[in-house]
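Participant: Give me coordinates for this.
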Amino acid sequence: MPSTYNDLYLDTRRALKRNGVDSAALEAREIVCCAADKNKEEFYRDNRLYATPEIEARVSALLQRRLQGEPVAYLVGEWEFFGLPLIVNEHVLIPRSDTEVLAQQAIDYLKDYPGARVLDLCTGSGCVGLAIASQRTDCRVVLADCSEEALRVARTNARLNHLQSRIAVLQADALAPPGAKFDAFQCIVSNPPYIPTGDLAGLDPSVREYEPHLALDGGADGLKFYRAIAARWKEALLPGGRLLFELGIGEADAVMRLLRSEGFGDLELYEDTQGISRVIAGTRCTEI
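Facilitator: Got it, this is the predicted structure:
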């Protein structure tokens, strides 16, 4: 018997719920929209219409991949962050809502610095830097990552959101000192790899088996990138400039100590919606 788009959505949602997917409603809609090549508005408009057998087959195939653990964002190839549509694939982390705290704190800080240069280090998909550029239209933003595959995604996302005129995309190793192109930034933001190497095996399979370990592995204690960036990249900040990191759970105290040891002051922590310390910010102190 033919199925309507709403039937496909309800069947997909039930299957996801049975398999313990928390956001079953959202993911079911994304799967049906992807299979039917419809946006959200078109899905709601057409949900009483009958789907073709080809679309039913595509929904079934996508659902099976999801039930095997593949993240829905990789299935559909796009995810939203800070209201921006972003292309995502296996070369970049899927943007999380928690990371919007990092973007928002940078946006709030930069309102007092029109025309500022901003660096998004370990940019991945470009989500944080692009969110900043979309809200602070007078700022120029550099997206930097060691992975050329990730930078290709970031370039695509800059074009997708019509931000390429104020965005530069450059390759850089966050563990090495910055090159000559990286200087005079008012603000550096970074969501670096911060999972301790020994904890990678215990991650949810949808993360461990699909998302890039290059963007997850923070070294033995999870702090390798925080140490390197705080020590080596502070020279890329203007005196009085601000460094903002996303934090892993339980890492706030350790990162605060290392920032203080590297001469950063005015240290502040910001919580996510669950009350977890998610972002730390510090100011490069002016040398006397």
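Participant: Assumed Gly265 was part of a helix.
Facilitator: No - read with DSSP: H, G, I helix; E, B strand; the rest coil, Gly265 is strand and lies in no helix.
Participant: Report the separation between the residue nearest to it when sequence neighbours are not counted and Ile188.
Facilitator: Leaving out its chain neighbours, the residue that sits closest to Gly265 by Cβ to Cβ, 6 or more residues apart in numbering is Cys285, at 4.8 Å. Every residue, glycine included, has its C-beta placed from N, CA and C. Separation of Cys285 from Ile188 (Cβ to Cβ, to the nearest Å) stands at 15 Å.
Participant: Then Arg257?
Facilitator: 19 Å.
Participant: who's more crowded, the two?
Facilitator: The residue with more neighbours, out of Arg257 and Ile188, is Ile188; 26 against 12, by other Cβ atoms under 10 Å.
Participant: Arg117 is in contact with that one, correct?
Facilitator: No - at 9.7 Å, Ile188 and Arg117 do not qualify as touching, with contact defined as Cβ atoms under 8 Å.
Participant: what's the neighbour count on the residue nearest to Gly265?
Facilitator: Applying other Cβ under 10 Å, we find 14 residues neighbouring Cys285.
Participant: and Leu244, what does it touch?
Facilitator: Counting by Cβ atoms under 8 Å, 6 or more residues apart in numbering, Leu244 makes contact with Leu102, Gln105, Ala106, Tyr109, Cys187, Ile188, Val189, Ser190, Val279, Ile280, Ala281.
Participant: do the same with Val59
Facilitator: Going by Cβ under 8 Å, 6+ apart, Val59 touches Leu8, Thr12, Ile31, Val32, Ala35, Ala36, Ala51.
Participant: Now it. Nearest residue, chain neighbours left out?
Facilitator: For Val59, ignoring the flanking residues on the chain, the nearest one in space by Cβ to Cβ, 6+ apart is Ala35 at 4.4 Å.
Participant: count of neighbours near the one you found?
Facilitator: By other Cβ under 10 Å, 24 other residues sit near Ala35.
Participant: What does it show for phi and psi?
Facilitator: When read as degrees, to the nearest 10, the backbone of Ala35 gives phi -60, psi -40.
Participant: How about the one 3 residues further on?
Facilitator: Lys38 has phi and psi values of phi -120, psi 150 when expressed as degrees, to the nearest 10.
Participant: State the number of residues packed around the nearest residue to it once chain neighbours are set aside.
Facilitator: Once flanking residues are discounted, Lys38 sits nearest to Asp46: 6.8 Å by Cβ to Cβ, 6+ apart. Residues within reach of Asp46, counting by other Cβ under 10 Å, total 15.
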